[in-house]
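1. Need a 3D model of the following:
(3 chains)
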Amino acid sequence: MDLMYFAELAMNGALVGLMYALVALGIVLVFKSSGVANLAQGALAMVGAYVVWWLADPLGAPLWAAVVVGILIMFFFGRAFERLALRRMIGQPVIMVIMLTLGTEILLRGSAPALWGAQMKRMDIGIGQQPIVLGDMLINRAYLAGGVVAVVLIGLAMLFFNSRQGVMLRAVSDDQTASWAVGISVERAIGVSWGLAGIAAACAGILWGSVQGVDWTLSLLLIKALAVAILGGLDSIGGVVIAGVAVGILENVIPGYIDPLVGGGTRDLVASTVILLTMLVRPFGLFGREDIERV
Amino acid sequence: MRRTLTGLALATVLSAAALGPAAAQDKAPIKLGTALDFTAVYTFVTAEYSQGQRDYASLLNAKGGIKGHSVEIMVVDTGNQPQRGIEAYERFKNEGAVLVDFLSTPVSRAVVPRALADGMNVITLFHGRSDAADGTVFPTIFPMTPAYWSQATAIVKYIDDQEKGDLKGKKIALVMIDSPFGREPLPVFEELCKRLGYEFSAFPYPSPGNEQSSAWTQLRRFKPDWTIIWGAGGGQSVSVRDAISNGIPLDRLASVIWLSETDANIIGAGQTKGILRFEGVAYGKDLPVIQAIEQEVVAKGKGAGPAEKVGGTYYNIGVASMALFGEGARLALEKEGEPLTPAKLKKGLESIKDFTADGLLPPVTITGEDHQGGGRGRIAAWDGSKWVPKSAWAPAYQDIVWDLIHKSAEEFKASSK
Amino acid sequence: MFYRLAGIRHTRYAADRQLWPVPVDRAQIAALTAFAAAAPLLLSNLYLGSYLLPWIIWSTAALGLNLLMGWAGQIHLGYAAVMAIGAYSTIHIVRAGLPFELAIIGGGLLSAVIGLVFGFAALRVKGLYLAISTLAMQYLVDWIVSHVQAISGGSQATLQAPAFRVLGLPVAGDMMRYYVALAVCLVVTSFLLNVGRTSFGRALAAVREKDFAAAIVGVDPFYFKLLAFWCSSFVGGIAGAVLAFCYYRAVTPEQFNLDVSIQAVAMVIVGGLGSVIGSYLGAALVLLAPIMLNNLVAALARAGALPMSEEVLSHIPLILYGGLIVGFLLFEPLGLAKVYDNLRNYFLVWPFRHARR
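-> Coordinates of the predicted model:
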């Protein structure tokens, strides 16, 4: 097999992986501050996409306004979810919290199509279909745009963690009791991290919605995002970028070579295998902190 | 609990008293059960399909019903879950339904053993087990339209005609969802490959298909002359988008039946010009049946859904399913007499001959052996605003299809022993 | 008043350790068992075949999962995969010509062996990480089942359950299938009822509360975690086989996908962790609530109370189902078992409420 073939698979894979990383960012932000696994992130992305579509299409807002307002709405949606549901779960076993987010996912997956219609919606953010040609390589324009946006947003998130607000978040993620003692409002910090997760969800929803159309299947992004978050380390923001690129490349390159041999879609296996191998070798991920409780 | 349950009757979307004229009231209504998936995997088709079914039933009732019997459709959601489908099926049976419809491959598969044992008619238009076309092994399962195997042959036939009957050395690629549904047509393509001498290769993408770039990159290296996409719902628009990105000419890209104007509009109606798809039911409003529904049902405010969906691809499939049922029920009542039972309806459906519903369908002839109705279909192209037929209604390579059907049906028979 | 407690004195250890010391409880159990045994005569086919039968099978499965989640405190998001292994292997063994009784045990054992592999993840990680590992394994098993045609049954990916006999009697008709499922359910239930009284159950509880504390008092957490996975997977495999033979009668990969795993976990949590009656109540709620809500919404719509399109109507049950899970977790995290317990405690001392302990 030639090098260009490999390069094209790897390039498109890396870009797609970055778009998954954007979904994973929401999971990481929440886990970092509160230690909660947010399995509703896929559904949040779906809601974000529906909201932007609703603002832009039936309400007729210009696209940029719809995106901005949609992101704001999702910020407050995330905060509201934390305030109304998760805060009551403090001190409950982890399975309860996981189940709460799964239940929320079902709830959102039913509500959004009921409110806005189950038929797939068109979300056009002005990215053409024509590919970018680099020699013999074709790069998908939508994925390129998505990958760039994802990198920018993840970079912004890392910058945010150096601001005053972000330092508070880091303090909370280090030690909640100690943060309390020095006068940081832990509840507020966790709420902000949920708001940020909402923003990440809205952006991921818009990007993925423009690629595949808007309907409930956007919530299925969760599994890939989990693989990315686990591989990168559940509490490492920089980790999701590397892990996203890694998962994306593996997912594209491995089936590119193995599928013709076994004659089946081995791609579904890659994400699961990545999760399992990470668990066996390095449960805290590539860049996570090594304080996970081992048995 | 039991009392509350019995109290909860099913959704009767049409009440005979409200819609039917006097003639339709004095005889017992004919009941149908449709347990569809409005909420999970089949959302892309179900709402329109069900709307078409209910509108056609309204039309039948407005015209006095079938031989004076009004038609009552019970609609319920299954969420694509087999256990909910089974519950709905048992309930329909209790309510006296003569025919049930699930429009979901997993639910149909779970119900088929029960329906065969009970002698209940199940219709599976354009989906479900391809081998159910064998009426001797599946006496009460009625695809009535070309199932996936016949759709695959129809597409290859069209390609063969375009290449003037010379496919030697040509390359055909199949991009399909990696699920039993996507893998179903593989034996047909391989069999035809032997006969016609083209080169064939399959490129699976993982379910649900929101991301397929790897398959398309591989496909481009294969340099196919023709590409066939085999998926449903959201995966289809991603496929077409990736095809455009990879420079596949759309007039050489053909799809299984599940590609509709909705998918074309999601990508952009103008950008998808020329794309081909298999068609088993005519598209659009310029058909006598759809015109009648517009005048008698929609114009009078009795439509079951948004008026702009009338005449759409999936809407018309819903209408076709009810038109075939209506014809079968009429024949059954004429030949077998009152009252209509599942067994009589089966005979009625099996005596449908050259029925076209005034041009909505290709001539459909169902016999005791052939429940596929002849396997006629055609290829249509998207011209930016509507689907234009590119070939005439015709069956294609039915010998290969029937070989497979017999083989698979034999396996089914052996396995249920 | 209803639960007369006066005069219940135990003079022997055996009497003190019995499952239901209160006579009313025993009477309730007897009445329920009698009802279950006579159900085919009392209920129409609709209620027997599409409510009671799936309910008891799913309760069996939920009991198996509850052993792992409630008693041993391990999370499992891949239970449907374990059930799939039981269902498929039992069908293949029966087809190979072995009697059903042996096949179902073989299916259970195979599930248990593969379930142990899930369990090995638990030796390494726990909590959230265990949840995600089991989720990944669910995907692996799904993939293998649907891609290996020798397992899933040819190009149609459907396997018919062959006709089978139990104890020499042919099992055909809803009544016989119901009795087979009921027998399995009763065996599993009595096992679970007694688990808490054995050293095994106490060891599991110790591991659940704090595994290294358990290790200090001489309970090997590795061994007991694996044993919990083994037992629970065995029960899951048997429940999967019963589901395939007595209820679906044909298996397809979609019957055991991730959604089903989530449903099983929801049954256990909504029902109540570590509770036998909770498993029954949870299975009833999660399995039957969507169906009943569906019928209720449809009936309301027909009466004109809900002027909405079919598309919106059909999503209401899904919303309510998600809402039920969230609502239970927020307002009654101990599940339906706790609701039942509250009721029972109320009636235990009724009408002398002030005497409540």
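2. so what's residue 272 up against?
-> Using chain A here. Neighbouring residues of residue A:272 by Cβ atoms under 8 Å, 6 or more residues apart in numbering or on different chains: A:227, C:136, C:137, C:139, C:140, C:143. Glycine gets a C-beta too; all of them are placed from N, C-alpha and C.
3. My question was about chain C, not that one.
-> For residue C:272, the contacting residues are C:70, C:278, C:279, C:281, C:282, C:334, C:335, C:336, C:337, C:338, by Cβ under 8 Å, 6+ apart.
4. ok, the second one - how many residues close by?
-> Under the neighbour criterion other Cβ atoms under 10 Å in any protein chain shown, residue C:278 is assigned a count of 28.
5. Okay, strands next: where are they in chain A?
-> Assigned by DSSP state E, the strands in chain A fall at A:132-134, A:137-139.
6. Please identify the most buried of those.
-> strand A:137-139 (a mean of 19; mean count of other Cβ atoms under 10 Å in any protein chain shown).
7. Isn't residue B:210 up against residue B:238?
-> Yes. If you go by Cβ atoms under 8 Å, residue B:210 and residue B:238 touch, sitting 6.1 Å apart.
8. Residue B:56 - nearest residue in space that isn't next to it in sequence?
-> Once flanking residues are discounted, residue B:56 sits nearest to residue B:322: 3.9 Å by Cβ to Cβ, 6 or more residues apart in numbering or on different chains.
9. How about the secondary structure of that neighbour?
-> helix (DSSP: H, G, I helix; E, B strand; the rest coil).
10. can you pull the contacts of it?
-> Residue B:322 touches B:52, B:53, B:56, B:57, B:60, B:71, counting by Cβ under 8 Å, 6+ apart.
11. got these as JSON lines, with secondary structure and neighbour count columns?
-> Below are the contacts of residue B:322 laid out as JSON lines (DSSP: H, G, I helix; E, B strand; the rest coil; neighbours: other Cβ atoms under 10 Å in any protein chain shown):
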{"residue": "B:52", "secondary structure": "helix", "neighbour count": "30"}
{"residue": "B:53", "secondary structure": "helix", "neighbour count": "29"}
{"residue": "B:56", "secondary structure": "helix", "neighbour count": "30"}
{"residue": "B:57", "secondary structure": "helix", "neighbour count": "28"}
{"residue": "B:60", "secondary structure": "helix", "neighbour count": "27"}
{"residue": "B:71", "secondary structure": "strand", "neighbour count": "27"}
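12. those strands in the stretch 201-350 of chain C, which residues are they?
-> With DSSP state E, counting those that start in this stretch as the criterion, the stretch 201-350 of chain C has strands at C:250-251.
13. Tabulate the strands of chain A in TSV, adding columns for distance to chain C and mean pLDDT.
-> Listed next are the strands of chain A as TSV, based on distance: least, Cβ to the nearest Cβ, whole Å; pLDDT from 0 to 100:
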stretch	distance to chain C	mean pLDDT
strand A:132-134	33	81
strand A:137-139	29	83
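14. Surely residue A:41 and residue A:220 touch.
-> No. If you go by Cβ under 8 Å, residue A:41 and residue A:220 don't touch, sitting 11.6 Å apart.
15. neighbour count winner among the two?
-> Remark: of residue A:41 and residue A:220, residue A:41 carries more neighbours, 31 against 18, as counted by other Cβ under 10 Å.
16. which residues touch whatever residue of the stretch 201-350 of chain B ends up closest to chain A?
-> Here the stretch 201-350 of chain B gets closest to chain A at one residue, residue B:204, 3.8 Å apart by Cβ to the nearest Cβ. Taking Cβ under 8 Å, 6+ apart as the criterion, residue B:204 is in contact with A:259, A:264, A:265, B:175, B:176, B:177, B:178, B:182, B:183, B:215.
17. That one falls within a strand, correct?
-> Yes. Counting by three-state DSSP, residue B:204 falls inside a strand.
18. Residue B:375 and residue B:394 touch, don't they?
-> No. Counting by Cβ under 8 Å, residue B:375 stays clear of residue B:394, with 9.2 Å between them.
19. For residue 52, give me its contacts.
-> I'll assume chain A. A:66, A:67, A:70, A:123, A:202, A:205, A:206, A:209 are the contacts of residue A:52 under Cβ under 8 Å, 6+ apart.
20. you looked at the wrong chain, it should be chain C
-> Residue C:52 sits next to C:39, C:43, C:178 when contact means Cβ under 8 Å, 6+ apart.
21. Just the closest of these to chain B, please.
-> residue C:43 (7.7 Å).
22. mind listing what the residue of the stretch 1-150 of chain C found nearest chain B touches?
-> Closest to chain B within the stretch 1-150 of chain C is residue C:50: 4.1 Å, counting by Cβ to the nearest Cβ. The contact partners of residue C:50, by Cβ under 8 Å, 6+ apart, come to B:83, B:86, B:87, B:89, B:90, B:91.
23. which parts of the helix or strand encompassing the first one are buried?
-> Taking DSSP states H and E as the criterion, residue B:83 maps to helix B:82-95. When burial is assessed from 16 or more other Cβ atoms under 10 Å in any protein chain shown, helix B:82-95 yields the following buried residues: B:82-93, B:95.
24. same deal with stretch A:167-179?
-> A:168, A:169, A:171, A:172, A:173, A:176, A:179.
25. Show the contacting residues for the spatially closest residue to residue C:336 that is not a sequence neighbour.
-> In this structure, residue C:336 finds its nearest non-sequential neighbour in residue C:281, 3.9 Å apart by Cβ to Cβ, 6+ apart. Taking Cβ under 8 Å, 6+ apart, we find residue C:281 in contact with C:270, C:271, C:272, C:335, C:336, C:337, C:340.
26. tell me the average confidence for stretch B:56-72?
-> Over the span of stretch B:56-72, the pLDDT mean works out to 92.
27. got the contact list for residue C:227?
-> By Cβ under 8 Å, 6+ apart, residue C:227 lies in contact with residue C:200.
28. what about it, distance to residue B:83?
-> Residue C:227 is 31 Å from residue B:83, where distance means Cβ to Cβ, to the nearest Å.
29. tally of neighbours for residue 268?
-> Using chain A. The number of residues packed near residue A:268 is 23, by other Cβ under 10 Å.
30. Not quite, go with chain B.
-> 18.
31. and if you look at the one 3 residues further on?
-> With neighbours defined by other Cβ under 10 Å, the count for residue B:271 comes to 16.
32. And for residue A:153?
-> Residue A:153: 19 surrounding residues under other Cβ under 10 Å.
33. What of the one 10 residues further on?
-> By other Cβ under 10 Å, the residues close to residue A:163 number 10.
34. if I look at it, how far off is chain B?
-> Distance, residue A:163 to chain B, by Cβ to the nearest Cβ, to the nearest Å: 34 Å.
35. Would you map the helices across the stretch 51-200 of chain C?
-> C:53-66, C:79-95, C:100-124, C:128-147, C:149-152, C:173-195, C:199-209 (DSSP state H, counting those that start in this stretch).
36. For residue B:140, find the nearest of those.
-> Closest approach to residue B:140 among the helices of the stretch 51-200 of chain C is made by helix C:173-195 (19.0 Å; Cβ to Cβ).
37. Counting by contacts, list what the closest one packs against.
-> For helix C:173-195, the contact count by 3 or more Cβ pairs under 8 Å, 6 or more residues apart in numbering or on different chains; DSSP states H and E identifies helix C:23-42, helix C:53-66, strand C:169-171, helix C:199-209, helix C:221-242, helix C:276-302 as packing neighbours.
38. Distance to residue B:244 and mean pLDDT added to the ones you listed, as CSV?
-> What follows is the helices and strands packed on helix C:173-195, written out as CSV (distance: least, Cβ to Cβ, whole Å; pLDDT from 0 to 100):
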stretch, distance to residue B:244, mean pLDDT
helix C:23-42, 59, 91
helix C:53-66, 46, 95
strand C:169-171, 55, 83
helix C:199-209, 55, 92
helix C:221-242, 44, 94
helix C:276-302, 40, 87
